[in-house]
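Can you look at this prediction? I've put the sequence above it.
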Amino acid sequence: MAESAAQNAETIDIREAHRFDVGRLEDFCRSEVDGYSGELAVRQFSGGQSNPTFMLSAGGKRYVMRKKPPGTLLASAHQVDREYRVMKALADTDVPVPTMRALCTDPEIIGTEFYIMDFLDGRVLRDPQLPGFSAEERSAIYDQMNDVLARLHKVDYKAIGLEDYGRPGNYYERQIGRWIKQYRAAETETVEPMEDLISYLPAHIPADDATSIAHGDYRLENTMFHATEPKMIAVLDWELSTIGHPLADLAYNCMLYHFNSPSQGTIMDLDYATLGIPSEEAYVDAYCKRTGRDGIEDWDFYLSFSIFRLASITQGVYKRGLDGNASSEKATQYGDMCRRLAETAWKVAQRNR
């Protein structure tokens, strides 16, 4: 069932590990947030985002703050300044994003960098099968997801000041190298389909070297829809965004047609016509029409890479679980998932050869 903002934005008292000086934050808001007034009240969202997220209430208005977690962090992780920058840059485009209010890069204020944006009252739809909706509503929701992705990829990123937001060109060459390296660092046993993919992917990179803003984690759950209408009002969670290849987003968005994710669900083998959910072919065709593409010749490559990337990430989670003496049940689950994903990716890569 669809969740309202009130349901999926459950707040709790600030967790002990994430506490900060609320008075200093209030002083910052008074000086940096346009239209801010009133006494500040802070609650923490209970969700498990990698960047702790908080509800700020003052003067009858609500805001959202995202901050880096405390402690020593990887240099490339939790870059809230990048999230703020890309959403701020997209404000005057037709890609729906929340209104950005302020960025603080001074860790002295509350202990870490953070940004503040407007709170949006809408629905986050977590189950891709959209139970509780009519076929017409499902069709409209998927069409919105497709349309907004196409809009994002048509944005002239140089014109909105994002020319240096990532390295343009050779995206897949760099990404394949990165995820092979990550996988090797976390490898615990030989997984034959991963070896097949490691040989296959670098040798089959398509000539298409298109460049656009790439969200990096574009899926239904990372968007917000209007409280009552099948209309997307925001794309969220830009932590993995960069200048990349547009078809990386599209292929990632289509992975659930091919496997059942324990965390995201699946849209494999459904009665698409009855449910109103587009088939993969129809979804890809709609994107191509919107972006002026005459089909995608190497679709199997893009899809197999996306699944390979997820397999590599999963293996990393598995290895960290083993190193941290995680429960054998959970560790085994992730180890099996890497193999299952690799098998799926290799099957996709082979299907039209």
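Structure received. Numbers count the residues shown, from 1 in each chain.

All the helices of the stretch 201-350 of the chain, residue numbers only.
Secondary structure of the stretch 201-350 of the chain, counting by DSSP state H, counting those that start in this stretch: helices at 246-253, 272-275, 280-291, 299-323, 328-350.

could these go into JSON lines alongside mean pLDDT and mean neighbour count?
Placement of C-beta: from N, CA and C, glycine included. Output for those, formatted as JSON lines (pLDDT from 0 to 100; neighbours: other CB atoms under 10 Å):
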{"stretch": "helix 246-253", "mean pLDDT": "98", "mean neighbour count": "24"}
{"stretch": "helix 272-275", "mean pLDDT": "98", "mean neighbour count": "14"}
{"stretch": "helix 280-291", "mean pLDDT": "98", "mean neighbour count": "17"}
{"stretch": "helix 299-323", "mean pLDDT": "91", "mean neighbour count": "21"}
{"stretch": "helix 328-350", "mean pLDDT": "86", "mean neighbour count": "18"}
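
Let me have the ones you listed in TSV, extended by distance to residue 81.
Converted to TSV, the helices of the stretch 201-350 of the chain look like this (distance: least, CB to CB, whole Å):
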stretch	distance to residue 81
helix 246-253	22
helix 272-275	41
helix 280-291	29
helix 299-323	23
helix 328-350	31
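
Find the centremost residue of this protein, please.
Residue closest to the average C-alpha location in the chain (CA atoms, centre = their mean): residue 217, at 2.5 Å.

Give me the distance between it and residue 255.
From residue 217 over to residue 255 the distance is 11 Å, taken as CB to CB, to the nearest Å.

Contacts only, for the nearest residue to residue 218 once chain neighbours are set aside.
Of all residues not flanking residue 218 in the chain, residue 249 sits nearest, at 4.7 Å (CB to CB, 6 or more residues apart in numbering). Residues near residue 249 by CB atoms under 8 Å, 6 or more residues apart in numbering: 149, 152, 153, 214, 215, 216, 218.

give me the low-pLDDT residue ranges for the protein?
1-9, 47-50, 71-78, 325-332, 353 (pLDDT under 70).

do that again at 50, thanks
1-8, 73-74, 326-327 (pLDDT under 50).

Just the strands from it, written as ranges.
Assigned by DSSP state E, the strands in the chain fall at 11-12, 41-45, 53-58, 61-67, 100-104, 114-118, 122-123, 212-214, 223-226, 232-235, 242-244.

right, and residue 244 touches residue 211 too?
Yes. Using CB atoms under 8 Å, residue 244 makes contact with residue 211 at a distance of 7.3 Å.

what about these two, which has more around it?
Using other CB atoms under 10 Å, the more surrounded residue of residue 244 and residue 211 is residue 244, with 25 against 18.

Quick check: closest non-adjacent residue to that one.
Nearest residue to residue 244, sequence neighbours excluded (CB to CB, 6+ apart): residue 214, at 3.3 Å.

just residue 68 next, same as before
Nearest one to residue 68, counting by CB to CB, 6+ apart, is residue 112 at 3.9 Å.

Domains of this protein: list them as residue ranges, please.
Following automatic domain parsing, one gets these domains for the chain: 5-120, 135-350.

Out of those, flag the one nearest residue 126.
domain 135-350 (5.1 Å; CB to CB).

Quick one: distance of the closest one to the chain centre.
A distance of 9 Å separates the centroid of the chain from that of domain 135-350, by CA atoms, centre = their mean, to the nearest Å.

Next, the distance between the ends of it.
33 Å (CA to CA, to the nearest Å).

With stretch 213-228 instead?
29 Å.

can you pull the buried residues of it?
For stretch 213-228, the neighbour count (16 or more other CB atoms under 10 Å) marks 213-226 as buried.

Farthest-apart pair in those residues, please.
214 and 226 (25.3 Å).

how close does the residue lying closest to residue 105 once chain neighbours are set aside sit to residue 100?
Closest residue to residue 105 apart from its sequence neighbours, by CB to CB, 6+ apart: residue 113 at 5.2 Å. Distance, residue 113 to residue 100, using CB to CB: 14 Å.

Residue 136: neighbouring residues, count only.
With other CB under 10 Å as criterion, residue 136 counts 10.

who touches residue 51 in this structure?
66, 67, 68, 69, 78, 80, 83, 239 are the contacts of residue 51 under CB under 8 Å, 6+ apart.

same thing but at 10 Å, please
Listed by CB atoms under 10 Å, 6 or more residues apart in numbering, the contact set of residue 51 reads 65-69, 77-80, 83, 112-115, 237, 239.

buried subset of those residues?
Buried among the contacts of residue 51 (16+ other CB under 10 Å): 65-68, 78-80, 83, 112-115, 237, 239.

For those, name the two members farthest from one another.
112 and 237 (18.0 Å).
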